[in-house]
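*Asks:* Any chance you can model this:
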Amino acid sequence: NFYAPTAYWITSIFALLTIPSTTSVQLSFLLSMICAFFGMQYFLGQFFRTRHDDWSSWIGASAYVTSTYFATEVMVRGNLSESWFLALLPLALGLITHNSRSQLTSLQILTTIILSLLFTTHNMMLLFAIPIVIIYVCFFPKKKTNLLCVFLALIIDSYFLIPAFWEGSLIQAATISKEY
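*Replies:* Numbering: from 1, shown residues only. Prediction:
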């Protein structure tokens, strides 16, 4: 069983608080949408925030969360893992951008943790996320610092990634994804 664990960890936190399972899943979807909104606002704020204008990042975050793709993932498909991927990707990119302009060690640690969560959120999206993140890092100064964060996140996630790739022939992934 190689389902990416992050979405289940987050949902389990609600279940551990003795909240019923169905309510825990609904709260996890809601929290993913809230995180997506503020993550995109943070990401866009790195580029569009000026001293007198903060509206661009808020409007962009609203457009992101209310997009049809995001709504389809939540309301139609009910894909919790993909909704968490969509929530964490802009936050990770925003942290990489901020990390390239800052010297804070705590920001580098937070970037590594968020990238680690992003990489264990959705199996197929991981294949898109790693190249996107690495290419994105190359556009900014402090490439070594950000690449180190990516590398450390992959090392942290090796407990999941190594067995998922090496033992992929032992699972029925081709049969399940054949119709996609």
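*Asks:* Find the nearest non-adjacent residue to the residue nearest the centre of the chain, please.
*Replies:* Central residue of the chain (CA atoms, centre = their mean): residue 88, 2.6 Å from the mean position. In space, and not counting its chain neighbours, residue 88 is closest to residue 118: 4.4 Å by CB to CB, 6 or more residues apart in numbering. Bear in mind the C-beta positions are built from the backbone N, C-alpha and C, glycine included.
*Asks:* Flag every buried residue along the longest helix along the chain.
*Replies:* Scanning the chain for the longest helix, with DSSP state H as the assignment, gives helix 21-48. Under the neighbour-count criterion of 16 or more other CB atoms under 10 Å, helix 21-48 has 24-25, 27-29, 31-33, 35-46, 48 buried.
*Asks:* Then stretch 113-133?
*Replies:* So, applying 16+ other CB under 10 Å, buried residues of stretch 113-133: 113-123, 125-126, 129-130, 133.
*Asks:* Now do the same for that stretch: mean pLDDT, whole number.
*Replies:* Per-region confidence: stretch 113-133 scores 89 on mean pLDDT.
*Asks:* Residues in contact with that stretch: which ones?
*Replies:* 2-7, 81-82, 84-85, 88-89, 91-93, 95-96, 149-150, 152-154, 156-157, 160-161, 164, 177 (CB atoms under 8 Å, 6 or more residues apart in numbering).
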